[in-house]
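Novice: Sequence and predicted structure below; questions after.
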Protein chains: 2
Amino acid sequence: METSLPKFDSTFSIDCVIFGFEAGELKVLLIERNQEPFKDWWALPGNLVNNDEGIEDAAGRILDELTGLRELHMEQFHTFGEVDRHPQGRVITVAYFALIRINGKKEVKPMTGFAKNASWHAINDLPKLAFDHIKIFETSIQKLRRRLSYQPIAFELLPEKFTLTQLQLLYEAILNKKLDKRNFRKKMLSYGFLKELDEKQKGVSYRAAKLYKFDRRKYNKIFQNDMNAI
Amino acid sequence: METSLPKFDSTFSIDCVIFGFEAGELKVLLIERNQEPFKDWWALPGNLVNNDEGIEDAAGRILDELTGLRELHMEQFHTFGEVDRHPQGRVITVAYFALIRINGKKEVKPMTGFAKNASWHAINDLPKLAFDHIKIFETSIQKLRRRLSYQPIAFELLPEKFTLTQLQLLYEAILNKKLDKRNFRKKMLSYGFLKELDEKQKGVSYRAAKLYKFDRRKYNKIFQNDMNAI
DNA sequence: TAAGATAGTGTAAAATTTACACATTATCTT
DNA sequence: AAGATAATGTGTAAATTTTACACTATCTTA
């Protein structure tokens, strides 16, 4: 498979680990490759960076092209630069994670022929991945966990209005451990950046929970001197 | 200065923020450039990555060439990829910080003609830096602060045998705030990874302090399940 | 042997974290 | 409409951690 492909000179690419939260599970968006090498394998969405675009811009563009998703929260987390990462030549890859509210957007449509398919996979049940993408994924989850404690990233994964139980389930999914309900709620509310709405959950067949919103303005006020955070 | 220089295609480089601790101050090693652009300016040691070397290796090599330092603790912390970072063309730079025990090695000798000089600068008193190096530096110190709380990096900056006061001064320098002596010592010792030696500080004109060593084996045992750390 | 300089030490109050269980509310079923 | 079902929402006491705070001990030098 790999021997007949042309070699290229040093190139530069971006890979994205796109996280979503659905049905109490943390998921990652993978594409099914439509090109050699690793044709038909699952992979992280990624592509080469153009010479005339900044890497942040490139990350946004690539994400859009491969998944049709735009304007997501994206953060760089590591750069991978081993010489043998790619069978066709030297590729240095800056990895980003992106956070998305899956909501209704369950269906994702690749915008290029590069990927023939894109779908969500539970992080505990990933298929075999192309290149060194499993390593990139593992690094991403470590960084995500770490940042969860000092950046308000959880709210990028939830709908605008959410219940405290949903928030807790998300924390549990990211941290991969159970949390105590009362303590979790007490702590979250104590920060003061959650705004209780006059609205309740709908469409559930049991007592509906109160909805909350993340109040970014308050968050910024509270953590402006930073170096603290959640 | 910049208009007459040739343009190059996209290239890939590494810059290092080299931290040292001396006389109670956190310092950074800068080189004085010997080439355009920014000839005679102070800059972070950095250079292009070769096509046949991994970026970790490149970081080590570049550091060695520009400063004569080897085998330092190095960690990647961010990649800078704006299109206009370099006047001669597009350069994407992976930034590393390196930690060094200044000890006797105060004199640093660049091994290439690329830098005509290298010297230590207190972080609160840096000269004007070439390119976007001040931004890289600022990012590095933020990352360093963050990592101080979950990785045993302080010990990379101290001599093998150190006093608790030295350790505290280092923490204060990195975090840029005063700490309480009794609380600091209590906390540090409570971790259990500092080994008290039967030896005392020498050459001081006052009561000599006990010396301690960082016991990495114990550290690893304590934090093997990690996600906690200091 | 006195002066100078830093090392080394303990405790109480405050704040935070942890552990833990049941009554409430809404829906659904019969 | 009564009961079953399913998740919401709530408080307290104990344990732990963090904070604030000041004096004696030890060594060197003059």
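Specialist: Sure thing, it's come through.
Novice: okay, the angle between the longest strand anywhere in chain A and strand B:11-22?
Specialist: Of all segments of type strand in chain A, defined using DSSP state E, the longest is strand A:11-22. Put simply, strand A:11-22 runs at 70 degrees to strand B:11-22, going by axes from the mean of the first three to the mean of the last three CA atoms, to 10 degrees.
Novice: which helices and strands sit right next to strand A:11-22?
Specialist: strand A:25-33, strand A:46-48, helix A:55-67, strand A:91-100, helix A:133-148 (3 or more CB pairs under 8 Å, 6 or more residues apart in numbering or on different chains; DSSP states H and E). (Each C-beta comes from the backbone N, C-alpha and C, glycine too.)
Novice: That one relative to strand A:91-100, how many degrees between them?
Specialist: 20 degrees.
Novice: Indicate the residue of chain A located nearest to DNA strand C.
Specialist: A:Arg207 (2.8 Å; CB to the nearest atom of the strand).
Novice: what's the burial count for that residue?
Specialist: Residues near A:Arg207, counting by other CB atoms under 10 Å in any protein chain shown, number 7.
Novice: how about it, phi and psi?
Specialist: The phi/psi pair for A:Arg207 (degrees, to the nearest 10) reads phi -50, psi 120.
Novice: who in chain A is up against chain B?
Specialist: Counting by CB under 8 Å from any CB of the partner chain, chain A comes close to chain B at A:9-10, A:12, A:49, A:51-56, A:58, A:76, A:78-79, A:81-83, A:90, A:92, A:94, A:145-146, A:150, A:227.
Novice: Among the residues you listed, name the buried ones.
Specialist: A:10, A:12, A:49, A:53-56, A:58, A:76, A:78-79, A:81-83, A:90, A:92, A:94 (16 or more other CB atoms under 10 Å in any protein chain shown).
Novice: ok, A:Ser205 - how many residues close by?
Specialist: Per other CB under 10 Å, the neighbour tally for A:Ser205 reads 5.
Novice: Show me what the helix or strand of chain A with the lowest mean pLDDT is packed up against.
Specialist: Taking mean pLDDT, DSSP states H and E as the measure, the helix or strand of chain A with the lowest value is strand A:115-122, at a mean of 89. With contacts defined as 3+ CB pairs under 8 Å, 6+ apart, the packing partners of strand A:115-122 are strand A:25-33, helix A:55-67.
Novice: The longest strand of chain A: which residues count as buried?
Specialist: A:11-21.
Novice: now the angle from it to strand A:25-33?
Specialist: 140 degrees.
Novice: now strand A:11-22: how far from the chain's centre is it?
Specialist: 7 Å (CA atoms, centre = their mean, to the nearest Å).
Novice: Kindly calculate the angle that it makes with helix A:55-67.
Specialist: 60 degrees.
Novice: same for DNA strand D: which of the buried ones among the residues of chain A next to chain B are within range?
Specialist: Restricting those to those touching DNA strand D (CB under 7 Å from any atom of the strand) yields no residues.
Novice: Among the helices and strands packed on strand A:11-22, which comes closest to A:Pro159?
Specialist: strand A:91-100 (11.2 Å; CB to CB).
Novice: So which bits of chain A are right by DNA strand D?
Specialist: Counting by CB under 7 Å from any atom of the strand, chain A comes close to DNA strand D at A:163-165, A:181-183, A:185-186, A:204-210.
Novice: repeat that for 10 Å
Specialist: Residues of chain A lying close to DNA strand D (CB under 10 Å from any atom of the strand) are A:163-166, A:168-169, A:180-186, A:189, A:196, A:200-201, A:204-212.
Novice: Out of those, list just those in strands.
Specialist: Counting by DSSP E, the residues of chain A next to DNA strand D place A:196, A:200, A:210-212 in strands.
Novice: between these, which is nearest DNA strand D?
Specialist: A:Lys210 (3.5 Å).
Novice: How is chain A partitioned into domains?
Specialist: Domain assignment for chain A by automatic domain parsing gives A:11-148, A:161-222.
Novice: comparing those, which gets the lowest mean pLDDT score?
Specialist: Among the domains of chain A, domain A:11-148 carries the lowest mean pLDDT, at a mean of 91.
Novice: one step back: from the ones in strands among the residues of chain A next to DNA strand D, list the buried ones, please.
Specialist: Here, 16+ other CB under 10 Å leaves A:211-212 buried among these.
Novice: Looking at the ones in strands among the residues of chain A next to DNA strand D, which one is closest to A:Leu126?
Specialist: Taking CB to CB as the measure, A:Leu126 lies nearest A:Tyr212 of these, at 31.2 Å.
Novice: Which residues are in contact with that closest one?
Specialist: Applying CB atoms under 8 Å, 6 or more residues apart in numbering or on different chains, we find A:Tyr212 in contact with A:161-164, A:167, A:194-197.
Novice: Please type out the ChimeraX selection for whichever of those residues turn out to be buried.
Specialist: Selecting the buried subset of the contacts of A:Tyr212 in ChimeraX, with 16+ other CB under 10 Å as the burial test, is done by:
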select /A:161,162,163,164,167,194
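Novice: Output the contacts of A:Tyr212 as TSV; include the columns distance to DNA strand C.
Specialist: Below are these laid out as TSV (distance: CB to the nearest atom of the strand, whole Å):
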residue	distance to DNA strand C
A:Lys161	17
A:Phe162	18
A:Thr163	13
A:Leu164	13
A:Leu167	16
A:Leu194	16
A:Lys195	20
A:Glu196	15
A:Leu197	14
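Novice: isn't A:Ser119 right up against A:Leu29?
Specialist: Yes. Judged on CB atoms under 8 Å, A:Ser119 makes contact with A:Leu29 at a distance of 7.3 Å.
Novice: between those two, which one's more packed in?
Specialist: Shown here are A:Ser119 and A:Leu29; by other CB under 10 Å, A:Leu29 has more neighbours (23 against 14).
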